[in-house]
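[1] got a sequence here, can you model it:
(one chain, ligands or ions: 2)
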Amino acid sequence: MSNELAEFIRAIPKAELHIHIEGSLEPALIFALAQRNGIALAYSSVEALRAAYAFTNLQSFLDIYYAGASVLITEQDFHDMAWAYFERAHADHVIHAELFFDPQTHTERGVDIGVVIRGLKRACDAARTQFGLRARLILCFLRHLSEAEAIATLDAAKPYLADIIGVGLDSSELGHPPEKFTRVFAMARELGLHVVAHAGEEGPPEYIWSALDVLQVERIDHGVRSIQDERLMQRLIASGMALTVCPLSNIKLCVFQQLGEHNLKRMLERGVRVTINSDDPAYFGGYLNENYLETAAALDLDRDQIIQLARNSIEAAFTTTSERRADLDTLAAYCMKA
Ligand code: HPA
Ligand code: ZN
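    Ligands and ions are numbered 1, 2, ... in the order given. Predicted coordinates for the structure are as follows:
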């Protein structure tokens with residue numbers, strides 16, 4: 001790739017729609033928070049922890065990801081984690097970010113959901129004032145737990161609904177199809193929340209169908225297995241359904257063996273509204289710009305395709321009409337001069 005295209009990619013205004021904020025916890029911050037909170041870790045050093053980041057599938061990652069999140073105790077911890085992400089995102093020219101968070105990972109350990117949300121919200125507000133970066137929160141239900149537990153989590157979040165833009169569904173996909181969460185998603189929609197779900201990362205196209213038809217999601221997180229089902233592809237294209245694709249995550253979790261085999265470009269060229277995202281950047285080897293740059297290099301994406309990806313991210317965001325128009329104007333102004 002030319003230096004010119006790389007520079008264009010680095011500075012293009014973009015939105016990030018698939019980032020688990022607990023997945024932005026860098027090893028150094030995990031150790032600092034463990035020390036601050038007097039928590040013993042199973043790893044003796046930052047290097048030893050990093051050495052454990054060799055994953056074979058989603059579950060092998062989740063086991064380490066949940067262990068890393070165990071150092072988060074206070075409101076300040078949640079703030080500091082999100083703030084570190086916003087510094088990175090701002091450097092990558094992210095103008096809008098929607099952060100997934102997993103309250104059940106914390107409430108299970110006795111941390112109040114209010115502590116989690118207040119800490120994250122304070123960092124979101126600071127990102128807006130200090131960086132002009134607009135940030136919103138999406139509460140994710142852990143799909144390996146029961147629907148009753150998801151409903152209890154939604155109930156516990158009710159005092160904070162003004163601080164949450166939507167709900168999502170994450171954690172172990174296989175064996176936990178979207179329809180397991182039919183009722184809680186209906187409740188969330190009834191509350192006026194946006195709804196998204198991870199589907200088709202490791203799970204089959206049937207999970208994408210049920211996320212669409214049963215949960216009535218507005219975006220699919222991952223969704224890379226859509227390409228195995230032509231009727232589903234037609235549905236995604238006709239409806240303009242966005243996929244929040246995470247290329248480096250897919251390589252680290254062995255969804256594809258190499259970036260050069262990734263189907264992002266094929267889906268983009270078929271007219272699917274594909275976006276690029278980092279998923280769990282502290283674990284998967286890169287923040288948003290590394291995902292764009294490495295994918296562009298491996299798949300030989302051109303300038304127009306990069307613009308399309310950035311535009312897709314802005315169009316698929318949960319923003320108001322005037323916010324979306326402003327972000328598209330920012331993008332257009334950048335493309336005119338760059
Ligand atoms: N998939 C499912 N659950 C997750 C992921 C993911 O990529 N990252 C964090 N939780
Ligand atoms: Zn994810």
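[2] wait, a helix at Ser172?
    No: counting by DSSP: H, G, I helix; E, B strand; the rest coil, Ser172 is located in no helix; its state is coil.
[3] quick one, phi psi at it?
    phi -60, psi 120 (degrees, to the nearest 10).
[4] would you agree it is in contact with Phe61?
    No: here Ser172 does not reach Phe61: they are 10.3 Å apart, not a contact under C-beta atoms under 8 Å. All C-beta atoms are positioned from the backbone trio N, CA, C, and that covers glycine.
[5] give me the more crowded residue out of the two.
    Taking other C-beta atoms under 10 Å, Ser172 and Phe61 do not tie; Phe61 has more neighbours (22 against 17).
[6] mind checking the SS state of the closest residue to that one other than its chain neighbours?
    Leaving aside its chain neighbours, Phe61 sits nearest to Phe55 (4.3 Å; criterion: C-beta to C-beta, 6 or more residues apart in numbering). Of the three states, Phe55 takes coil under three-state DSSP.
[7] interface residues of this structure facing ligand 1?
    Applying C-beta under 6 Å from any ligand atom, we find that the chain lies next to ligand 1 at 20, 23, 58, 65, 170-171, 198, 201, 249, 279-280.
[8] in TSV, list these along with pLDDT and neighbour count.
    Output for these, formatted as TSV (pLDDT from 0 to 100; neighbours: other C-beta atoms under 10 Å):
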residue	pLDDT	neighbour count
His20	98	29
Gly23	98	23
Leu58	95	23
Tyr65	95	22
Asp170	98	26
Ser171	97	21
His198	98	30
Glu201	97	23
Ser249	98	27
Asp279	98	30
Asp280	98	25
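[9] will you turn those into TSV that also has distance to Phe78 and secondary structure?
    Below are those laid out as TSV (distance: C-beta to C-beta, whole Å; DSSP: H, G, I helix; E, B strand; the rest coil):
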residue	distance to Phe78	secondary structure
His20	13	strand
Gly23	14	helix
Leu58	24	helix
Tyr65	16	helix
Asp170	17	strand
Ser171	19	coil
His198	22	strand
Glu201	25	coil
Ser249	22	helix
Asp279	19	strand
Asp280	16	coil
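[10] just those now: which is nearest Ala51?
    Proximity of those to Ala51 was ranked by C-beta to C-beta; the top entry is Tyr65 with 15.7 Å.
[11] just to revisit the earlier point, ok, the residue nearest to Phe61 - contacts?
    Going by C-beta atoms under 8 Å, 6 or more residues apart in numbering, Phe55 touches 61, 64, 252-254, 283.
[12] next, give phi and psi for it.
    Backbone torsions of Phe55, given as degrees, to the nearest 10, read phi -100, psi 150.
[13] part of a strand, is Asn19?
    Check again: residue 19 is Ile, not Asn. Yes: read with three-state DSSP, Ile19 is one of the residues of a strand.
[14] what's the nearest residue in the protein when you look at ligand 1?
    Here the chain gets closest to ligand 1 at one residue, Asp170, 3.6 Å apart by C-beta to the nearest ligand atom.
[15] list the contacts for that residue?
    Contacts of Asp170 by C-beta under 8 Å, 6+ apart are 20, 100, 102, 140-143, 198, 221.
[16] who's it bridged to?
    Leu142 (DSSP bridges).
[17] any idea where the helices of the stretch 151-300 of the chain begin and end?
    Under the criterion DSSP state H, counting those that start in this stretch, the stretch 151-300 of the chain contains helices at 182-190, 205-213, 230-239, 247-252, 264-270, 281-284, 288-299.
[18] please export the C-alpha coordinates of the second one as CSV.
    So the one you mean is helix 205-213. Taking Å, rounded to 0.1, in the frame of the first residue of the first chain, the C-alpha atoms of helix 205-213 are listed here in CSV:
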residue,chain,number,x,y,z
PRO,A,205,-26.3,-18.4,9.3
GLU,A,206,-29.4,-19.6,11.1
TYR,A,207,-28.3,-17.5,14.1
ILE,A,208,-28.2,-14.4,11.9
TRP,A,209,-31.7,-15.1,10.6
SER,A,210,-33.0,-15.4,14.2
ALA,A,211,-31.2,-12.3,15.3
LEU,A,212,-33.0,-10.5,12.5
ASP,A,213,-36.4,-12.1,12.7
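[19] neighbouring contacts of that helix?
    For helix 205-213, the external contacting residues (C-beta under 8 Å, 6+ apart) are 169, 173, 177-179, 197, 199-200, 217, 220, 223, 225-226, 228-229, 232, 235, 241.
[20] now do it, average pLDDT.
    Confidence for helix 205-213, expressed as mean pLDDT, is 98.
[21] with the last one instead?
    The predicted model gives helix 288-299 an average pLDDT of 98.
[22] next structured bit after it?
    Remark: after helix 288-299, the chain's next helix or strand is helix 303-315, criterion DSSP states H and E.
[23] just to revisit the earlier point, distance to Leu33 added to the helices of the stretch 151-300 of the chain, as a markdown table?
    Output for the helices of the stretch 151-300 of the chain, formatted as a markdown table (distance: least, C-beta to C-beta, whole Å):
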| stretch | distance to Leu33 |
| --- | --- |
| helix 182-190 | 30 |
| helix 205-213 | 34 |
| helix 230-239 | 40 |
| helix 247-252 | 23 |
| helix 264-270 | 34 |
| helix 281-284 | 13 |
| helix 288-299 | 23 |
